[in-house]
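Peer 1: Requesting a structural model of the entry that follows:
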Amino acid sequence: MGRRLNYDAARQILESEFQTVVADEVEEFPADVKAALKPAIDTLFASNTQAFREVLVGCCLARIVDPHIDIRFPYMNQGDSSYNGRTLDEKVVNTFLKEQEIPSSKSPFLSSFRRNVSFLPETGKGLRDKVAFAAFLLIVDELRTKSAEYAALVLRGLLRAFIELRDKAQIKLARINRLSVDQHKLLTLELRKIKSGGLIPVILSVAAFRTLSATYGLNWNVEFQGINVADAASGAGGDITISREGVVLIAVEVTEREIDKARVRSTFMSKIAPNALSDYLFIHSATAPSIEAKAAAMAYFAQGHDINFISIGDWITSLLTIIGMAGRQDFTVQVIALLSQPDVPTKLRVAWNAVIPKVVSV
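Peer 2: I've put the predicted structure just below:
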């Protein structure tokens with residue numbers, strides 16, 4: 001009466017493959033998979049029937065976890081090689097898609113694939129989108145005759161398409177009315193754990209500077225550039241530039257890399273000296289600058305250039321401690337506004353929504 005799946009193993013595979021795709025560690029499709037399946041997958045993701053593409057994720061997982069399963073038979077009473085497709089979807093696939101805020105159905109086994117149906121051509125007679133179902137069957141047949149390794153490649157392609165689908169959707173950011181200092185400390189700590197290519201530390205720093213300016217009426221203009229934009233190419237002296245009435249007050253470099261003597265010298269020659277910057281700040285989120293780096297900074301102090309270093313965690317916590325409740329509320333508003341900008345990757349908004357419940361429960 002069917003084969004029992006290891007749902008925990010399926011979940012681990014799904015999470016691992018998703019993180020691989022998010023990290024852009026793999027190409028969209030190997031050539032052989034692309035030639036065979038890419039048009040069919042495009043058809044599925046252009047269809048209004050969410051169930052087909054969602055069920056395919058389960059088919060891939062079932063094929064990987066247990067190659068003896070016949071993925072055409074998702075009900076346990078359909079033979080010795082059948083499996084429980086509905087439980088796989090409810091425990092693993094649908095739950096995961098919703099956690100990642102990817103558009104998905106309530107349950108494909110409560111809509112398109114009810115009543116003990118199998119993934120065979122005759123099932124298409126009762127379905128509205130027959131073109132999409134034909135594409136679905138093509139992929140099922142390909143998966144059924146190929147290896148588990150091949151199924152993993154197909155799964156990655158599906159996940160990439162799901163991520164693109166999510167990127168086209170509007171992810172609403174969770175709003176919070178107030179957080180304590182300790183909750184803010186946890187929030188910034190959890191956010192900095194997210195792999196963002198350095199964007200999260202920049203966003204937190206910009207939000208902190210803008211909050212500081214608003215709280216004390218400093219009338220600062222806090223500008224920043226994309227994390228992958230070269231300072232020299234943009235004409236900026238750092239990742240963040242703080243000015244008032246056209247006069248640069250502080251230039252800031254936010255870094256996750258080590259700050260050593262060579263880094264200080266390089267920054268001085270390429271940014272500080274050419275832009276005649278008198279006040280330069282390194283905000284670091286990794287290890288503290290080396291003794292040699294601080295000594296190099298002091299040498300430039302004698303030449304009229306004040307170069308300082310501060311840990312982003314210590315700095316933001318100290319700031320949020322002294323600016324009061326209203327200031328702390330404004331800080332979260334600033335962070336949300338920055339995360340809402342259209343050029344911010346969707347995965348960071350999803351990550352924010354995942355972090356907030358953890359923070360407010362403390």
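Peer 1: From now on I want contacts and neighbour counts done on CA atoms only, so please keep to that.
Peer 2: Noted.
Peer 1: what's the helix or strand for the residue lying closest to Ser111 once chain neighbours are set aside?
Peer 2: Nearest in space to Ser111, with sequence neighbours left out and distances taken as C-alpha to C-alpha, 6 or more residues apart in numbering, is Ala51 at 7.6 Å. Using DSSP states H and E, Ala51 sits within helix 50-65.
Peer 1: Quick one: list the elements packing against that helix.
Peer 2: When contacts are defined as 3 or more C-alpha pairs under 8 Å, 6 or more residues apart in numbering; DSSP states H and E, helix 50-65 packs onto helix 7-22, helix 31-46, helix 85-88, helix 130-145, helix 148-168.
Peer 1: Ile322: neighbouring residues, count only.
Peer 2: 11 (other C-alpha atoms under 10 Å).
Peer 1: can you tell me how far it sits from Ile242?
Peer 2: 21 Å (C-alpha to C-alpha, to the nearest Å).
Peer 1: picking that back up, how much space between the residue nearest to Ser111 and Ala273?
Peer 2: For Ala51 relative to Ala273 (C-alpha to C-alpha), the value is 59 Å.
Peer 1: OK, contacts around the residue nearest to Arg244 when sequence neighbours are not counted?
Peer 2: The spatially closest residue to Arg244, leaving aside those adjacent along the chain, is Trp220, at 5.2 Å (C-alpha to C-alpha, 6+ apart). Taking C-alpha atoms under 8 Å, 6 or more residues apart in numbering, we find Trp220 in contact with Arg210, Ser213, Ile242, Ser243, Arg244.
Peer 1: Then Val355?
Peer 2: With the criterion set at C-alpha under 8 Å, 6+ apart, Val355 makes contact with Leu187, Glu190, Leu191.
Peer 1: Now do the strands in the stretch 151-300 of the chain.
Peer 2: 221-224, 240-244, 247-255, 279-284 (DSSP state E, counting those that start in this stretch).
Peer 1: so where is this structure shaky, pLDDT-wise?
Peer 2: Within the chain, the segments meeting pLDDT under 70 span 25-32, 34, 226-236.
Peer 1: domain assignment for it?
Peer 2: 7-168, 181-360 (automatic domain parsing).
Peer 1: Nearest to Ala174, out of those?
Peer 2: Using C-alpha to C-alpha as the measure, domain 181-360 is the one of the domains of the chain that comes nearest Ala174, at 5.5 Å.
Peer 1: With mean neighbour count and distance to Ile203 added, can I get the strands of the stretch 151-300 of the chain in TSV?
Peer 2: Shown next, in TSV, are the strands of the stretch 151-300 of the chain (neighbours: other C-alpha atoms under 10 Å; distance: least, C-alpha to C-alpha, whole Å):
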stretch	mean neighbour count	distance to Ile203
strand 221-224	17	9
strand 240-244	19	10
strand 247-255	20	10
strand 279-284	20	12
